[in-house]
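[1] Take a look and give me a structure for this.
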Amino acid sequence: MQINTLSEFLTQAGTEFRLFDLGRRLQAIEPADFLAIEAQQRPYPWPLQRHAWLAVCYWQTHSADQPYIWFLKLPLDERGLFNNGAVKYFLAALVEQLGQDLTAPLSDEQQQKLAQTPFTFAPSQEKLAAFHARLGLALNTAPSHFYQGALDYLAAPEQHDWQQLGLQGLAEVAARLQQDAPLSQLLARQWSHLPTQVQTAFCQQCEHQPLPDNINQLLLDAVNHELERQTPDDERIALLLRATAASPAFVARKQKVATLLDLAPSQALMLCLVARLWQELADETLLLQYLSQLAELHGDLFNGVFSELVSMPALRPLILSNLHNAALSTSLKDALGALYTADA
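    You can find the predicted model right below:
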């Protein structure tokens, strides 16, 4: 049985399915877009380390409460296109386990064998929690028992031990903030009363979920508060800014990024922008400012970060069109020169 693409497998198996990217942050992939990617009609939009990091969830009709999930790490070529050989390798292993019946359920042993292929990966606990929270909303399934515990904690944090909170419950709160106004208002009211550890865990979940305006503003206000301290915590500033990453572009965040890039940006901020907020760098002024500061202040990171930025389809044309821009800073010109000399 010859199956060449994931979409072919999922379609022939008569399943319903959802696709997500888990590389830089959790993002849904529309089936039509994925078909174009598989056909090599367009590059993978969110490469990380020249791989596509996919979560594939599929289920038989009327059995959405029993989905199968694969986490696939598929190599991309120099153009950002799928390496179809890797996909065929995984699918061959899958068909070997299933035989001729593509709709047959996989046993635990079969799942383990598939997990041993070189194209699977285990997401971090934070991303796994965010993924299950988003998937539960998409499939309209009940949240975990940790969700009620998180709600009870938010209602009266002084009456509960934060160390008893479940990460999945926090993820499910974050996933519901945009659609549940009373919940987002509760979090905003209680934010300043939460221990740093709980704020950190919430931020790590929020960066994977679109947020309502009041929470985005709360996070930017927290950045401003941190900047006013005698010794600002660079890691916390990056954490708070990252927490807004899954929200569509908004003016206040763009202005904050521009301001932070003017203030001798920390390594934490520079890594935050390439890892989670790369979309802000689609603005040519911010991109060139970012690259100049990277070259001048964090030269040891330049080659690796530049390689990641130029691999992104949304940024690659803008970067390449500026390589010979006479207005580039001296430090940036030197860094680019050293980069291409090393590659020669």
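
[2] residue boundaries of the strands in the stretch 51-200 of the chain?
    Using DSSP state E, counting those that start in this stretch, the strands of the stretch 51-200 of the chain run over residues 51-60, 68-75.

[3] Show me what the helix or strand of the chain with the lowest mean pLDDT is packed up against.
    Every helix and strand in the chain was compared by mean pLDDT, DSSP states H and E; the lowest is helix 108-115, with a mean of 74. For helix 108-115, the contact count by 3 or more CB pairs under 8 Å, 6 or more residues apart in numbering; DSSP states H and E identifies helix 84-98 as packing neighbours. C-beta coordinates here come from the backbone N, C-alpha and C atoms, glycine included.

[4] how about a cut-off of 10 Å?
    strand 68-75, helix 84-98 (3 or more CB pairs under 10 Å, 6 or more residues apart in numbering; DSSP states H and E).

[5] which residues of the stretch 201-344 of the chain score low on pLDDT?
    Applying pLDDT under 70 to the stretch 201-344 of the chain flags residues 342-344.

[6] if you set the cut-off to 80 instead, what comes out?
    The model of the stretch 201-344 of the chain has pLDDT under 80 over residues 340, 342-344.

[7] what's the neighbour count on residue 129?
    By other CB atoms under 10 Å, 26 other residues sit near residue 129.

[8] Sorry, wrong one. I was asking about residue 341.
    By other CB under 10 Å, the residues close to residue 341 number 8.

[9] again with residue 333
    When neighbours are counted by other CB under 10 Å, residue 333 comes out with 16.

[10] Dump the host helix or strand of it to CSV, restricted to CA.
    Assessed by DSSP states H and E, residue 333 sits inside helix 330-343. Output of helix 330-343 as CSV, limited to C-alpha atoms (Å, rounded to 0.1, in the frame of the first residue of the first chain):
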residue,chain,number,x,y,z
THR,A,330,29.3,49.1,10.6
SER,A,331,28.9,46.4,13.2
LEU,A,332,26.1,44.7,11.2
LYS,A,333,28.1,44.9,8.0
ASP,A,334,31.1,43.4,9.8
ALA,A,335,28.9,40.6,11.2
LEU,A,336,27.4,39.8,7.8
GLY,A,337,30.9,39.8,6.2
ALA,A,338,32.2,37.4,8.8
LEU,A,339,29.2,35.2,8.4
TYR,A,340,29.6,34.9,4.6
THR,A,341,33.4,34.5,4.9
ALA,A,342,32.8,31.6,7.3
ASP,A,343,30.3,30.0,4.8
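
[11] Sort out which residues of it are buried, please.
    Buried residues in helix 330-343, counting neighbours by 16 or more other CB atoms under 10 Å, are found at 331, 332, 333, 335, 336, 339.

[12] Going by contacts, tell me the helices and strands next to that helix.
    helix 284-297, helix 299-310.

[13] and among the ones you listed, the most buried is which?
    helix 284-297 (a mean of 19; mean count of other CB atoms under 10 Å).

[14] Residue 292 versus residue 325, what's the distance?
    11 Å (CB to CB, to the nearest Å).

[15] before we move on, what about residue 274?
    Using CB to CB, we find residue 274 at a distance of 15 Å from residue 292.

[16] likewise residue 321?
    Taken as CB to CB, the span from residue 321 to residue 292 is 16 Å.

[17] Then residue 59?
    Applying CB to CB, the value for residue 59 to residue 292 is 49 Å.

[18] residues in contact with residue 302?
    Residues near residue 302 by CB atoms under 10 Å, 6 or more residues apart in numbering: 270, 291, 294, 295, 296, 331, 332, 334, 335, 336, 338, 339.

[19] Repeat the analysis, applying 7 Å as the threshold.
    Contacts for residue 302 (CB atoms under 7 Å, 6 or more residues apart in numbering) come out as 294, 295, 335.

[20] Return the residues in contact with the closest residue to it other than its chain neighbours.
    Nearest in space to residue 302, with sequence neighbours left out and distances taken as CB to CB, 6 or more residues apart in numbering, is residue 335 at 4.8 Å. Residue 335 makes contact with 295, 299, 302 under the criterion CB under 7 Å, 6+ apart.

[21] With distance to residue 131 added, can I get those residues in a markdown table?
    As requested, the contacts of residue 335 are exported to a markdown table (distance: CB to CB, whole Å):
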| residue | distance to residue 131 |
| --- | --- |
| 295 | 35 |
| 299 | 36 |
| 302 | 32 |
